[in-house]
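Q: Fold the following for me, if possible:
(2 chains)
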Amino acid sequence: MAEVIPSVHQGSVSELDAAIAPPDLEVVNMSKRFGSLVALDQVSLHVKPGTFHALLGENGAGKSTLVKCMMGFYRPDHGDIVINKRSRTIASPKDAHHYGIGMVYQHFTSVPAMTVAENLVMSRFDTTTVINWKQEMAALQAFMATAPFKLPLETLVGQLAAGEKQKLEILKQLYLHSKILILDEPTSVLTPSEADEVLGLIREQVTDGKLSVLIISHKFREVTSFCDEITVLRKGKFAGTGRVEALTVADMAEMMMGEKREPQPVEKVATTEVVPVLQLHNLHANKDNGLEALHGVNLTVHQGEIVGIAGISGNGQRELVEVLAGQRSATSGQVMVNGEPYAATRKQINQHRVFVLPEEPLKNACVPHMSVAENLALRTFDRPPQAKGPMVLFAAIRQMAEQLIDTFKIKTPTPETPVGNLSGGNVQRTVLARELSADHINLLIAANPCFGLDFAMVDYIHGQILSARNRGVAVLLVSEDLDELLKLSDRLIVISGGKFAYESAIAEADFAAISHAMAGH
Amino acid sequence: MMMLKTTTWRKTAEAIAIPIGALLVALMLFGIFCAFCGKNPLAVYGLIYSSAFGNWRVFQGTLLRAAPLMLTALCTALPARLGLMIIGNEGALVVGGVAAVITGLVLSYGSVTPSAEQLQQVLAIPPILVQLGMALGSIVAGGLWIAAVGALRHYRAVNETISSLLMNYIAIALMNHLVGGPIKDPGETIKASSFVLPDINRLANLPTTRIHYGLLYGIIVCVIAYFLIQHTTFGFAARTAGGNIKAARIAGLPVGKLTVMICFLAGSCAGLAGMVEVAAVHGRVNESLVAGYGYTGILVAFVARYNPIACTIVSILLGGILASSGALQRNLTMPDATALVFQGLVFLVILYSDSLYGRLQIFKDPGPKAAVPPAASTTIPA
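A: Got it, this is the predicted structure:
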């Protein structure tokens, strides 16, 4: 029977299919409430056929809610989705697929232990009970031949690099014949060059009139290089729309923030003395799976200096940070702080004043079901004034918490609210408050401190890190965001394959050499 | 669970209503079971009530059974705050009982297997000191027993639930070996047992009752445990490590030490239950010590949601059900295992009810959300 009915996955059909222009998509006056929170308030959006449309807004502006309503994950309380001038109901992702709308998520949704081909077939909505692999493979090869980027079909997804995994997510949508792609911060896990490549290839498809794209992004650079139009949301409301060519970055930022703002200039105070604070000697550490992640690194971070570590994720930076944070033991080598061996025990942390801003703070640095106040007290609860002998004094903890919540502008209903109930940005503020409020910080270790945060938060965190540096704190900044490193660091190091592959003062940093080293050549 | 003042009333109501609701559902299911057995469920409920809580005389029986339950429940409840699921309560109780008898006999007669002459003369050590010695012996033995589980967990990543369960069998086998040989009383021919503790050194009853002092032990230890977890730096550190081990490591907390210490305390509570049973009820060690108080203790900890204070009340409730099983058998000729069936139903329903926390609309708090500007209260992904 399979031979009689022409498979929609055959190459010829696929090409025919590609010739059909993407539909016109309009969202009209959409509203969505969660309890008393108005997440979307009368928002409209128009993605014209064959355009690259950016959806901008700060964290919590309602971008994700809007696209989830469009994909049928949420049911909007009010409003219409109009496809090719006809009002349509999208009640599930399957409906969205029916109208040619497909979404690529911020995080990968492929199964690492399965091959590219298996993942593609699995993603289909019409999978049969018995899979005719011979036929499927032929169809997949034909599909790959016409696809904008190629991936080896037989390779396990787990072995693909981040950029390739993201390409697979996009290929999946093309394979499903999606004509409108919704991309939710697709480049947050990619290096700048990977991001440019992926977006560039999608841009070609859009230019050829084969696709429409709606992209959620926090990066103005991507918006100005690849997008045609933008729609901006602010606090759940429509805040503006326009053509990219007619707008400056400052205009877009103003729409998002509601006021004109320039990126804050970075001021650095020159340090006079060179006092080493953190020293690593031939440090080795393993990954969770027992393979070696760090192949002997040597490093010195001085007072009043920010040392940036760049690299594509998975090259040993996570393990390095975990060793310094006390979450992982080194297999050999030595960590010295202020000239003394350091193993991140509570006593040493306190003595040497070492603080850590880890990535994913809720996972790495907070106890989700404990209160904001208790989380703020994590480093101090066993010392006066918060403790008296073996007793914890909760009144003192609350008092300190109220102060910090005020100073660091943590938005929380009460100090007793579980920290897991706060938004990502406010969890981040909670950790910042705890790690940066101490009178005297000696060493700060920060790992991707701004991952997934909006501009205002990013500026805020950068400001805090810089002011710490200017006060004489030694800072080790590990980041996958090269722009951030170039902006903040005094010295830049590239880590690749568990070793340092490049090092230079920031003034002499050579972009080409950095990229080269990051790529592991 | 949080100690800062404002545990909202909704949270409290939820924490009380869900277990009670679960118990009611279990009662209904048990009623169906009774109907299948050809008994009127209402009559069964009535009998359970009257033979467990009906009057002061039967209620004393209930309290007698509640005493060891409070202690064994802590063996599950304390490590649970650290994220460990320990079910070695029975084993720790047995080991504690054996240690208590050995200490008690040595302090009473100068030997674990006293000769006929030694038996004639109890040593002149004040009973309170002998009892203290027995308590100490049981605390150390039970503590080390479960501490071993904690150490295996932390240093060798052995699953603590499985290892603590298996340790139960080892403990019982060890006790059987000891009473069958090294500490056997040759005069006892029916059931292999240790020698009997002299009456003077056993735990007395509270004045004018048949309830022994073990009940006070249970209540006091539960209060201490609550205080330790909620009000001390040790408890704070343990809760942190239980909530997120990575956060605990970043804060430099000694996770391994905490694990072993909490396990030691847990085991010592169950061990003390063994001492109470030996010193107040049996007077010696034999297989009667394996009466299931350990396993019922797990159930108590679950129902109490690992809250040591709640453990005392739940122990009385379940102690009552245990106490009524004899009456069910005698008066309604239902099988002796009926109480076990009921316990099993309670266990299942309580486990299920755990998934309801935070899901029931009536316990959701609309208050704070309205009080904060929308941008702040985004638990909703945006």
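Q: mind listing what the nearest residue to residue A:441 once chain neighbours are set aside touches?
A: Closest residue to residue A:441 apart from its sequence neighbours, by C-beta to C-beta, 6 or more residues apart in numbering or on different chains: residue A:473 at 4.8 Å. The way it works is simple: take the backbone N, C-alpha and C, and place the C-beta from them, glycine included. With contacts defined as C-beta atoms under 8 Å, 6 or more residues apart in numbering or on different chains, residue A:473 is in contact with A:303-304, A:441-444.
Q: Quickly note the distance from residue A:473 to chain B.
A: 18 Å (C-beta to the nearest C-beta, to the nearest Å).
Q: now residue A:489
A: Taken as C-beta to the nearest C-beta, the span from residue A:489 to chain B is 23 Å.
Q: Ramachandran angles for that residue?
A: The phi/psi pair for residue A:489 (degrees, to the nearest 10) reads phi -70, psi 150.
Q: again, but for residue A:333
A: Dihedral angles (degrees, to the nearest 10) for residue A:333: phi 100, psi -180.
Q: Next: residue B:18.
A: Here is the backbone geometry of residue B:18 (degrees, to the nearest 10): phi -70, psi -50.
Q: what's the burial count for it?
A: By the measure other C-beta atoms under 10 Å in any protein chain shown, the count of residues near residue B:18 is 19.
Q: rewinding a little: where strands are concerned, which of the contacts of residue A:473 count?
A: Residues of the contacts of residue A:473 located in strands (DSSP state E): A:443-444.
Q: mind checking how far the nearest residue to residue A:481 once chain neighbours are set aside is from chain B?
A: Nearest residue to residue A:481, sequence neighbours excluded (C-beta to C-beta, 6+ apart): residue A:450, at 6.9 Å. Going from residue A:450 to chain B by C-beta to the nearest C-beta gives 18 Å.
Q: residues contacting residue A:450?
A: Here residue A:450 is in contact with A:457-458, A:461-462, A:479, A:481, A:484 (C-beta under 8 Å, 6+ apart).
Q: next one: residue A:243
A: A:228-229.
Q: Give the bridge partners for it, please.
A: Beta bridges link residue A:243 to residue A:229 when assigned by DSSP bridges.
Q: Can you pull the residues of the stretch 201-350 of chain B lying near chain A?
A: For the stretch 201-350 of chain B, the residues in contact with chain A (C-beta under 8 Å from any C-beta of the partner chain) are B:231-237, B:239-240, B:243-244, B:246-254.
Q: Just the buried ones out of the residues you listed, please.
A: Buried members of these, scored by 16 or more other C-beta atoms under 10 Å in any protein chain shown, are B:231-237, B:239-240, B:243-244, B:246-254.
Q: Out of those, which sit inside helices?
A: B:231, B:233-237, B:239-240, B:243, B:246-250 (DSSP state H).
Q: could those be laid out in TSV, adding pLDDT?
A: TSV is the format used below for these (pLDDT from 0 to 100):
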residue	pLDDT
B:231	93
B:233	94
B:234	94
B:235	94
B:236	94
B:237	94
B:239	93
B:240	94
B:243	92
B:246	92
B:247	93
B:248	94
B:249	93
B:250	92
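Q: quick check, nearest of the residues you listed to residue A:132?
A: Of all those, residue A:132 sits closest to residue B:246, with 45.9 Å by C-beta to C-beta.
Q: Pull the contacting residues for the closest one.
A: When contacts are counted by C-beta under 8 Å, 6+ apart, residue B:246 touches A:327, A:363-365.
Q: For the buried ones among those, write the corresponding PyMOL selection.
A: Buried residues within the contacts of residue B:246, by 16+ other C-beta under 10 Å, are selected in PyMOL with:
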select buried, chain A and resi 327+364+365
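Q: among the contacts of residue B:246, which are within reach of chain B?
A: A:327, A:363-365.
Q: Now for those residues: which two are most distant?
A: A:327 and A:363, at 11.0 Å, using C-beta to C-beta across the ones next to chain B among the contacts of residue B:246.
Q: Where does whichever residue of the stretch 51-200 of chain B sits closest to chain A sit: helix, strand or coil?
A: As assessed by C-beta to the nearest C-beta, chain A sits closest to residue B:83 within the stretch 51-200 of chain B, at 10.7 Å. Following DSSP: H, G, I helix; E, B strand; the rest coil, the label given to residue B:83 is coil.
Q: excluding its backbone neighbours, what's nearest it?
A: In space, residue B:83 is closest to residue B:242, 4.2 Å off (C-beta to C-beta, 6+ apart).
Q: residues in contact with the one you found?
A: By C-beta under 8 Å, 6+ apart, residue B:242 lies in contact with B:80-84.
Q: What about these, which one has the most neighbours?
A: Counting neighbours by other C-beta under 10 Å, residue B:82 leads these with 27 neighbours.
Q: so what pLDDT did the closest residue to that one other than its chain neighbours get?
A: Spatially, and ignoring its direct neighbours in sequence, residue B:82 is nearest to residue B:242 (4.1 Å; C-beta to C-beta, 6+ apart). Looking at residue B:242, its pLDDT stands at 92.
Q: Looks to me like residue A:221 is in a strand.
A: No: counting by three-state DSSP, residue A:221 is located in no strand; its state is helix.
Q: what residues are up against it?
A: Contacts of residue A:221 (C-beta under 8 Å, 6+ apart): residue A:483.
Q: Kindly report the same for the one 4 residues further on.
A: Contacts here follow C-beta under 8 Å, 6+ apart; on that basis residue A:225 touches A:196, A:199.
Q: among the contacts of residue A:473, who's most crowded?
A: residue A:444 (26 neighbours).
Q: how near is the closest residue to that one other than its chain neighbours to residue B:276?
A: Setting aside the residues directly before and after it, residue A:444 is nearest to residue A:475 in space (C-beta to C-beta, 6+ apart), at 4.7 Å. Residue A:475 is 57 Å from residue B:276, where distance means C-beta to C-beta, to the nearest Å.
Q: When the two are compared, which one has more neighbours?
A: Comparing residue A:475 with residue B:276 by other C-beta under 10 Å, the one with more neighbours is residue B:276, at 30 against 27.
Q: How is the more buried one assigned, secondary-structure-wise?
A: Assignment for residue B:276 (three-state DSSP): helix.
Q: list the contacts for it?
A: Each residue near residue B:276 by C-beta under 8 Å, 6+ apart is listed here: B:67-68, B:71, B:203, B:212, B:214, B:217-218.
Q: what about the residue lying closest to it once chain neighbours are set aside, neighbour count?
A: Closest residue to residue B:276 apart from its sequence neighbours, by C-beta to C-beta, 6+ apart: residue B:214 at 3.4 Å. For residue B:214, the neighbour count with other C-beta under 10 Å is 26.
Q: Kindly report the same for residue B:36.
A: Number of residues near residue B:36 (other C-beta under 10 Å) recorded here: 8.
Q: For it, give me the pLDDT.
A: pLDDT, residue B:36: 89.
Q: what's the spacing between it and residue B:133?
A: From residue B:36 over to residue B:133 (counting by C-beta to C-beta), the distance is 51 Å.
Q: these two touch, right, residue A:205 and residue A:211?
A: Yes: shown here, residue A:205 and residue A:211 form a contact pair, counting by C-beta atoms under 8 Å, at 4.4 Å.
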